[in-house]
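J.: could you work out the structure for the sequence below:
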Amino acid sequence: MSLNVRVAVLELSLDFVLRWFMSWLLFIDESGHDHNTMPYEVRGGFAIHASKLWPFISAVRTLEQSIFGVNLRAYGMEIKGSKLLRPRLFKWAKQGAEMDDASRRKHATNFLGNGRQGRRPRKDEFTAYGQACIAMAEQVIQSLVSYDARVFASVIPAKIDPPTSPSGYLRKEIVFLLERYFYFLEECRETGLLIIDGTDKRADRQFVAEMERYFTKTQIGRQRTQWVVPAPLFVESDMAYGIQTADLCIYCLNAAWRLPQMTQPTRAEIVPFVELLKRCFWQGDGYRDGKVFKTWSAAFVPDPYEPRSKLEGQSA
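T.: You can find the predicted model right below:
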């Protein structure tokens, strides 16, 4: 390889490294799309600067060990809202006194071990496990605050009849999600990547096709490629702390974040987690048709199939 070629390769490598460390990563998951128990459909998660991603992941791994004493993945567990904040866990946590860290960790470890060995846990182990799950959720969210993460989400009602002839383009709530991410990145003057939970391959391919049409076939989508990298990366949630944390964020929003237009009941015990998450909401300027307006990183879209003009102002 000639000297000129080696220099060119080095420059490309340095450019990639610099771009990587000047980027934000938006971890995206979905909640309530099975229309089972959650009151809304939510798509979103959190964005974190690439330079802070590994410190954040390391902090979450340390929390996992200090709270549970084990790697949860080894027991088929994930750091997700539906796993850490189930209603019965709050009941378990309250059936005994608040434990100190060492006792809670010991009994929570035993709880997980008993399940694997087919033995029914004792009362103090149920209590410890409930307290451990709640503590894990709270401290992971607190870590998001500490590492300057930003929460982005779009919410729609759980049951909306789709049009008989699908357009093949992204639904409004996803466009709103990308719009707010774009405004945030433009304010930061840095690029942003999309990291998405891989689910069904067929659905993933359809989503990629819709996103490609948005970023290549629409004028506003092409404009937003200035800051948003239009090629999402798919990962498996059981292997990615980022996706699991995204799930935790949107689970909390689904259960307890409400605007005046959102009439579904809330889970009172989740409200404190939402109050913590609000510290990660981004607020800034958006613009359209020559007008500048205030916008937020979380939005409620009453009907994702209505014309955009009917949906203004539904964010906070």
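
J.: any weak-confidence spans in the stretch 51-200 of the chain?
T.: Low-confidence segments of the stretch 51-200 of the chain (pLDDT under 70): 161-167.

J.: show me where it has strands.
T.: For the stretch 51-200 of the chain, the strands defined by DSSP state E, counting those that start in this stretch occupy 150-157, 191-197.

J.: now for those strands, which one comes closest to Ile250?
T.: Nearest to Ile250, of all these, is strand 150-157, at 5.6 Å by Cβ to Cβ. Using the backbone N, CA and C atoms, a C-beta is placed for each residue, glycine as well.

J.: restrict the closest one to CA atoms and write it as PDB.
T.: Presented in PDB, the C-alpha positions along strand 150-157 are these (Å, rounded to 0.1, in the frame of the first residue of the first chain):
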ATOM      1  CA  ARG A 150     -32.800  13.300  26.400                       C
ATOM      2  CA  VAL A 151     -36.100  11.500  26.200                       C
ATOM      3  CA  PHE A 152     -38.000  11.500  22.900                       C
ATOM      4  CA  ALA A 153     -41.500   9.900  22.500                       C
ATOM      5  CA  SER A 154     -44.600  10.000  20.500                       C
ATOM      6  CA  VAL A 155     -47.900   8.700  21.900                       C
ATOM      7  CA  ILE A 156     -51.100   7.700  20.200                       C
ATOM      8  CA  PRO A 157     -54.400   6.100  21.400                       C
END
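
J.: show me what that strand is packed up against.
T.: For strand 150-157, the contact count by 3 or more Cβ pairs under 8 Å, 6 or more residues apart in numbering; DSSP states H and E identifies strand 40-49, helix 172-188, helix 241-256, strand 298-300 as packing neighbours.

J.: show residues contacting the second one.
T.: This points to helix 172-188. Contacts with helix 172-188, where a contact means Cβ atoms under 8 Å, 6 or more residues apart in numbering, come from 24, 26, 28, 41, 43-44, 47, 150, 152-156, 170, 191-192, 214, 224, 226-228, 282, 284-286, 295-297, 299, 301, 303-306, 308, 311, 315.

J.: need the strands of the stretch 51-200 of the chain in TSV with mean neighbour count and distance to Met136, can you?
T.: Rendered in TSV, the data for the strands of the stretch 51-200 of the chain read as follows (neighbours: other Cβ atoms under 10 Å; distance: least, Cβ to Cβ, whole Å):
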stretch	mean neighbour count	distance to Met136
strand 150-157	26	18
strand 191-197	20	19
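
J.: mind putting these into TSV with distance to Pro260?
T.: Listed next are the strands of the stretch 51-200 of the chain as TSV, based on distance: least, Cβ to Cβ, whole Å:
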stretch	distance to Pro260
strand 150-157	13
strand 191-197	30
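
J.: nearest to Ala246, out of these?
T.: strand 191-197 (7.3 Å).

J.: what's whichever helix or strand comes after the closest one packed up against?
T.: Using DSSP states H and E, the helix or strand that follows strand 191-197 towards the C-terminus is helix 201-217. Under the contact definition 3+ Cβ pairs under 8 Å, 6+ apart, helix 201-217 sits against helix 219-224.

J.: in stretch 135-144, which residues are buried?
T.: Taking 16 or more other Cβ atoms under 10 Å as the basis for neighbour counts, the residues of stretch 135-144 that come out buried are 135-137, 139-141, 143-144.

J.: now that stretch: how far from the chain's centre is it?
T.: Distance of stretch 135-144 from its chain centroid, counting by Cα atoms, centre = their mean, to the nearest Å, is 13 Å.

J.: show me the buried residues of stretch 135-144 that map onto helices.
T.: The helices, defined by DSSP state H, take in 135-137, 139-141, 143-144 from the buried residues of stretch 135-144.
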